[in-house]
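J.: here are the coordinates; sequence isn't available:
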């Protein structure tokens, strides 16, 4: 339209006003054409300005990524047919802080290169890969980040953090959902995309290594000291191994068993596991000695009732020697229980957690052994 406007002329019979109007429109078109490159540079500068403003505060360590692009090519599971799993190869381009693109890497089908007679077919030109926009800059997802304002639906597919940058408003998916990417920066010595996962349809989570998230203060104090004082990697590895062997007996799992695959999957999950409360720290006991004593007293009461029955009508069916052994065992347990209660009190029954608990455990084991040795043989 602009090109046609430039070449229009006043038609015969048109008024002088029409001629002046055409001249003004043509002048405006020429000025717009001349200003277009300037306006484009202005938009690019505005985008860079917004990107740098978003990197102020805790995330300022990522300013060196402005204008940088990194990528990864990986195989991804896309589904299962009746006979085989389907894996495709995808390439991702992360350009900070501008956009994220994805395209599928097509591989040659060797079987399709020959006809039924075995003759080679003429090679076809490979089709250009369709590049899909996964997202444009939305900012770091720390305090004040509003996912709804950039079209991200809840529940979120990522953990908001000042070290997680979000690209949103990407290409449209079925149902009108817009693609989005959460790039979580994790501690690493080099800037590198480690992996990309499609958490749910059109929602992607990427792990990107970068020195900025590294924080020794977030690890247990002794590990931080080892990292600072070790002269080389081998010395650090040996020190960590000794530390793990020393603390292993006192580690507690509130909701076990331990899923080691999950614990070791990322540095953050490992750090959380190692920083969990140990036996020496205050935590809710699973069992108290008061509760254990009550259970033992109930057991003694049942055994006492049984002994009464044996001394009564049922006694004629039990040999005298067996009744004597059982009564002796009950007496020893009763005396031991009194001693155990005086030593332990209401201490928490945490194995290895305190001298009182260890003493109580030893007493309990001795009592159970005494009862077992006094128990009559046979049914």
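T.: Nice, I can see it. On a predicted model such as this, the values are computed, not experimentally measured, just so you know.

J.: Please count neighbours and contacts with C-alpha atoms only from this point.
T.: Fine.

J.: Look up phi and psi at residue 149.
T.: phi -70, psi -20 (degrees, to the nearest 10).

J.: all strands of the stretch 101-250 of the chain, in order?
T.: Secondary structure of the stretch 101-250 of the chain (DSSP state E, counting those that start in this stretch): strands at 132-140, 164-169, 180-187, 192-200, 203-210.

J.: Any chance of these in JSON lines with mean pLDDT, distance to residue 217 and mean neighbour count as columns?
T.: Listed next are the strands of the stretch 101-250 of the chain as JSON lines, based on pLDDT from 0 to 100; distance: least, Cα to Cα, whole Å; neighbours: other Cα atoms under 10 Å:
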{"stretch": "strand 132-140", "mean pLDDT": "92", "distance to residue 217": "22", "mean neighbour count": "23"}
{"stretch": "strand 164-169", "mean pLDDT": "94", "distance to residue 217": "20", "mean neighbour count": "24"}
{"stretch": "strand 180-187", "mean pLDDT": "93", "distance to residue 217": "13", "mean neighbour count": "25"}
{"stretch": "strand 192-200", "mean pLDDT": "94", "distance to residue 217": "24", "mean neighbour count": "15"}
{"stretch": "strand 203-210", "mean pLDDT": "95", "distance to residue 217": "17", "mean neighbour count": "21"}
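
J.: Could you dump those into JSON lines and include distance to residue 220?
T.: Formatted as JSON lines, these follow (distance: least, Cα to Cα, whole Å):
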{"stretch": "strand 132-140", "distance to residue 220": "27"}
{"stretch": "strand 164-169", "distance to residue 220": "23"}
{"stretch": "strand 180-187", "distance to residue 220": "16"}
{"stretch": "strand 192-200", "distance to residue 220": "25"}
{"stretch": "strand 203-210", "distance to residue 220": "21"}
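
J.: And the ones you listed: which comes nearest residue 89?
T.: strand 192-200 (11.8 Å; Cα to Cα).

J.: between that closest one and strand 203-210, how many degrees?
T.: 160 degrees (axes from the mean of the first three to the mean of the last three Cα atoms, to 10 degrees).

J.: Report pLDDT for residue 366.
T.: Confidence at residue 366, expressed as pLDDT, is 52.

J.: what's the answer for residue 247, then?
T.: 79.

J.: ditto for residue 314
T.: 56.

J.: Please apply the same query to residue 82.
T.: pLDDT at residue 82 comes out at 67.

J.: that older thread, out of the strands of the stretch 101-250 of the chain, which comes closest to residue 151?
T.: Nearest of those (Cα to Cα): strand 164-169, 6.5 Å.

J.: Between strand 180-187 and the closest one, find me the angle.
T.: Using the same axes, to 10 degrees: strand 164-169 against strand 180-187 is 160 degrees.

J.: Can you spell out which helices and strands pack onto strand 164-169?
T.: Counting contacts by 3 or more Cα pairs under 8 Å, 6 or more residues apart in numbering; DSSP states H and E, strand 164-169 packs against strand 132-140, strand 180-187.

J.: Adding distance to residue 240, write those out as CSV.
T.: Listed next are these as CSV, based on distance: least, Cα to Cα, whole Å:
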stretch, distance to residue 240
strand 132-140, 33
strand 180-187, 18
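
J.: So for residue 149, which of those strands sits nearest?
T.: Once the helices and strands packed on strand 164-169 are compared by Cα to Cα, strand 132-140 is nearest, at 9.2 Å.

J.: for the closest one, packing partners?
T.: helix 16-54, strand 99-104, strand 164-169, strand 180-187.

J.: hmm, try it at 6 Å
T.: Contacts defined by 3 or more Cα pairs under 6 Å, 6 or more residues apart in numbering; DSSP states H and E place strand 132-140 against strand 99-104, strand 164-169.

J.: can I get the ones you listed in CSV with distance to residue 90?
T.: Formatted as CSV, these follow (distance: least, Cα to Cα, whole Å):
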stretch, distance to residue 90
strand 99-104, 4
strand 164-169, 18
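
J.: so which of the ones you listed gets nearest residue 63?
T.: strand 164-169 (12.6 Å).

J.: So what are the sheet partners of that closest one and their directions?
T.: Under the criterion DSSP bridges, strand 164-169 sits next to strand 132-140 (antiparallel), strand 180-187 (antiparallel) in its sheet.

J.: okay, the angle between the first one and strand 99-104?
T.: Put plainly, it is strand 132-140. Using the same axes, to 10 degrees: strand 132-140 against strand 99-104 is 150 degrees.

J.: what's the angle between strand 132-140 and helix 16-54?
T.: Using the same axes, to 10 degrees: strand 132-140 against helix 16-54 is 60 degrees.

J.: Show residues contacting strand 132-140.
T.: 97-102, 162, 164-171, 179-180 (Cα atoms under 6 Å, 6 or more residues apart in numbering).

J.: Now do the contacts for residue 141.
T.: With Cα under 6 Å, 6+ apart, residue 141 has these contacts: 160-162, 164.

J.: how about 10 Å then?
T.: Taking Cα atoms under 10 Å, 6 or more residues apart in numbering, we find residue 141 in contact with 147, 158-166, 182-184.

J.: surely residue 210 meets residue 189?
T.: Yes. Proximity of residue 210 to residue 189 meets the contact threshold set by Cα atoms under 10 Å, at 6.2 Å.

J.: Quick one: low-confidence residue ranges for the stretch 101-250 of the chain.
T.: 108-127 (pLDDT under 70).

J.: Am I right that residue 142 is in contact with residue 161?
T.: Yes. Counting by Cα under 10 Å, residue 161 is a contact partner of residue 142 at 4.5 Å.

J.: do you know which of the helices and strands packed on strand 132-140 lies nearest residue 18?
T.: Closest among these, using Cα to Cα: strand 164-169, at 44.9 Å.
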